[in-house]
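K.L.:
this one's structure only:
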């Protein structure tokens, strides 16, 4: 009897995503985002997702553009220095087509911790006295039974599926992040199923030489997908930086939408999402020279 | 709003504020520069470069000391790819909030800040329900401001829609409805906000009421301009002159910290 590898193809991984699911995205802000997997979701035209993201941003844009998202649970959806607020996120919330489960990053972490611990809730001090529990009635203000402190009861989040991005994994799903793993390990413990896309697959021997750097154990991982440059256009910690050119192109398209024409955005989606069939076809579109230049920082 | 500080040649307002911020940071402190705020990130890096060898800086989810002083980065992103080289420790995002008790200083951006230092990153309501402007969201501010030693609120614009009597929505509690006990009553720990930093002035909080009080005018800004552009009447007691930047600070900022001139809006 052989030990069972968990390597799967992108398409096979995408088949696990169903309409209406609650999906957690790994990474934070513009780093370590599972674009290769997200692209498959957009291509598949999945609908009605609830997206869970401890600190989101421009990564939500493509899913929103694809009409995939009904609700977002996150503490942040800005564009950091590139835009004050992610433009499509902003527009969709203002129009009423996207709901927000209001939170801050600490509340998101607390919800996932409760999920991982299989508790109904965990308390948070952050948020007391703010508008967050008023906007999000799932958060309940209470006085704790030990000291009487005012706290927020944050209900557990157990995502149906987690989509993560990391540097490497072995055949059995032991994940090694380069540098920061952000909240990925917590998400992996809270989610019901976990898919991780990686830059490369490494040998188990390499994992066993440095088990202290394994960020997520294979026992929590249901699928590993080979996706070199898989975080593009976002940065991959320790591997390549953000592709600003891609974001300028995107922001132009989003800007035109704000000015009344959705055509450029549709062309953008066709060019990068609906057009290229496989992740490698997408990478061909970006081009080797540009990709390799991103590796220097 | 003026972009440069006429009294100091071509020094930009953002550079001046970065220098001001750098002086606020003491050696041995553990500082989070704040995601996406160029001025505070530059200020923290400048503090280090100006000689605080025991500083602990949170860059992305790394703890760094930045010995060697070569700081690169555009200050635009939470996680600049070069930060990993400086990391002494990789926190996870979730463990980071457990360090709250040990964090001495952080910085908070805001779409609105009110009389008692409460801030809003959530949005501005529209007529008849819904939002006219959806903001980026509270980021980590609600959690970190409930525990850290002290924090500074930074706004990009000083106008009556930003510095308001009451925030439309609150991401953080500064001093709630005022008074020394305001934070303790809500069970909030940490020291609360120390200053509100705007392109026109620095404001602190009065000792008893904890109301905003104009403390320093930026060179080139007038009190009339501040009052005209504030949505309520802030306290004005003893205005102190704005601390003058030194040649060494400007030089260090421009060579060591912001070599690409991003604080002077020279984008790539």
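P.N.:
Perfect, thanks for sending it. Fair warning: this is a prediction, and the values are worked out from it, not measured in the lab.

K.L.:
number of nearby residues for residue 94?
P.N.:
Looking at chain A here, since you left the chain open. The local packing of residue A:94 (other C-beta atoms under 10 Å in any protein chain shown) involves 17 other residues. Heads up, the C-betas are built off the backbone N, CA and C, glycines and all.

K.L.:
meant chain B, my bad for not saying
P.N.:
For residue B:94, the number of neighbouring residues by other C-beta under 10 Å comes to 25.

K.L.:
what about the one helix or strand it maps to, average pLDDT?
P.N.:
Assigned by DSSP states H and E, residue B:94 belongs to helix B:93-96. The average pLDDT for helix B:93-96 rounds to 89.

K.L.:
now do it: everything it contacts.
P.N.:
Outside helix B:93-96, the residues within contact range by C-beta atoms under 8 Å, 6 or more residues apart in numbering or on different chains are A:28, A:54-55, A:105, A:109, A:112-113, A:180, A:182-183, A:185-186, B:58, B:61.

K.L.:
now that helix: buried residues?
P.N.:
Going by neighbour count (16 or more other C-beta atoms under 10 Å in any protein chain shown), the buried part of helix B:93-96 is B:93-94, B:96.

K.L.:
so the residue of the stretch 101-250 of chain B found nearest chain A, which of the three states?
P.N.:
Of all residues in the stretch 101-250 of chain B, the one sitting closest to chain A is residue B:143 (2.5 Å; C-beta to the nearest C-beta). Secondary structure state of residue B:143, per DSSP: H, G, I helix; E, B strand; the rest coil, is helix.

K.L.:
count the neighbours of it for me.
P.N.:
Residue B:143: 27 surrounding residues under other C-beta under 10 Å.

K.L.:
neighbours of residue 92, how many?
P.N.:
The chain I'm using is chain A. When neighbours are counted by other C-beta under 10 Å, residue A:92 registers 22.

K.L.:
let's do chain B instead
P.N.:
19.

K.L.:
test my guess that it contacts residue A:187.
P.N.:
No: counting by C-beta atoms under 8 Å, residue A:187 is not a contact partner of residue B:92; they are 10.5 Å apart.

K.L.:
contact partners for residue A:182?
P.N.:
Contacts of residue A:182 were listed using C-beta under 8 Å, 6+ apart, and they are A:26-28, A:31-32, A:54, B:61, B:92-93.

K.L.:
helices of chain B, start to end?
P.N.:
Listed in chain order, the helices of chain B (DSSP state H) span residues B:13-24, B:38-49, B:93-96, B:141-144, B:182-185, B:223-228, B:247-252.

K.L.:
of those helices, which shows the lowest average pLDDT?
P.N.:
Lowest mean pLDDT of the helices of chain B: helix B:93-96, a mean of 89.

K.L.:
and that helix, how far from the chain's centre?
P.N.:
A distance of 21 Å separates the centroid of the chain from that of helix B:93-96, by C-alpha atoms, centre = their mean, to the nearest Å.

K.L.:
wait, isn't residue A:285 in contact with residue A:271?
P.N.:
Yes: using C-beta under 8 Å, residue A:285 makes contact with residue A:271 at a distance of 7.0 Å.

K.L.:
what helix or strand is the nearest residue to the residue of the stretch 101-250 of chain B closest to chain A once chain neighbours are set aside on?
P.N.:
Counting by C-beta to C-beta, 6 or more residues apart in numbering or on different chains, residue B:143 lies nearest to residue A:106, which is 2.5 Å off, once chain neighbours are set aside. Using DSSP H and E, residue A:106 sits in helix A:105-117.

K.L.:
tell me the contacts of the residue nearest to residue B:143?
P.N.:
Residue A:106 neighbours (C-beta under 8 Å, 6+ apart): A:75, A:124, A:126-127, B:97, B:140, B:142-144.

K.L.:
per-residue pLDDT, it?
P.N.:
Looking at residue A:106, its pLDDT stands at 97.

K.L.:
likewise residue B:5?
P.N.:
In this model, residue B:5 is scored at 74, pLDDT.

K.L.:
residues near it, how many?
P.N.:
As a burial measure, residue B:5 scores 21 neighbours (other C-beta under 10 Å).

K.L.:
for it, give me its contacts.
P.N.:
B:11-13, B:15-16, B:218-220.

K.L.:
buried ones in the longest helix seen in chain A?
P.N.:
In chain A, with assignment by DSSP H, the single longest helix is helix A:244-258. Under the neighbour-count criterion of 16+ other C-beta under 10 Å, helix A:244-258 has A:244, A:246-247, A:249-251, A:253-254, A:256-257 buried.

K.L.:
now do residue A:246 against residue A:112, distance only.
P.N.:
Distance, residue A:246 to residue A:112, by C-beta to C-beta, to the nearest Å: 29 Å.

K.L.:
now the residue lying farthest from the centre of chain B. Its backbone dihedrals?
P.N.:
What lies farthest from the middle of chain B is residue B:128; by C-alpha atoms, centre = their mean that is 33.3 Å. Main-chain dihedrals, residue B:128, degrees, to the nearest 10: phi 70, psi 50.

K.L.:
still on that earlier bit, rounded mean pLDDT for the longest helix of chain A, please.
P.N.:
Averaging pLDDT along helix A:244-258 gives 95.

K.L.:
and the contacts of residue A:182, which is closest to residue B:155?
P.N.:
Checking the contacts of residue A:182 against residue B:155 with C-beta to C-beta, the nearest one is residue A:28 at 24.0 Å.

K.L.:
now the closest one, which residues is it bridged with?
P.N.:
residue A:31 (DSSP bridges).

K.L.:
from memory residue B:46 sits against residue B:250, does it?
P.N.:
No: in this structure, residue B:46 is not within contact of residue B:250 by C-beta under 8 Å, at 9.9 Å.

K.L.:
so for those two, which residues contact both of them?
P.N.:
Going by C-beta under 8 Å, 6+ apart, residues that sit against residue B:46 and also against residue B:250 are residue B:19.
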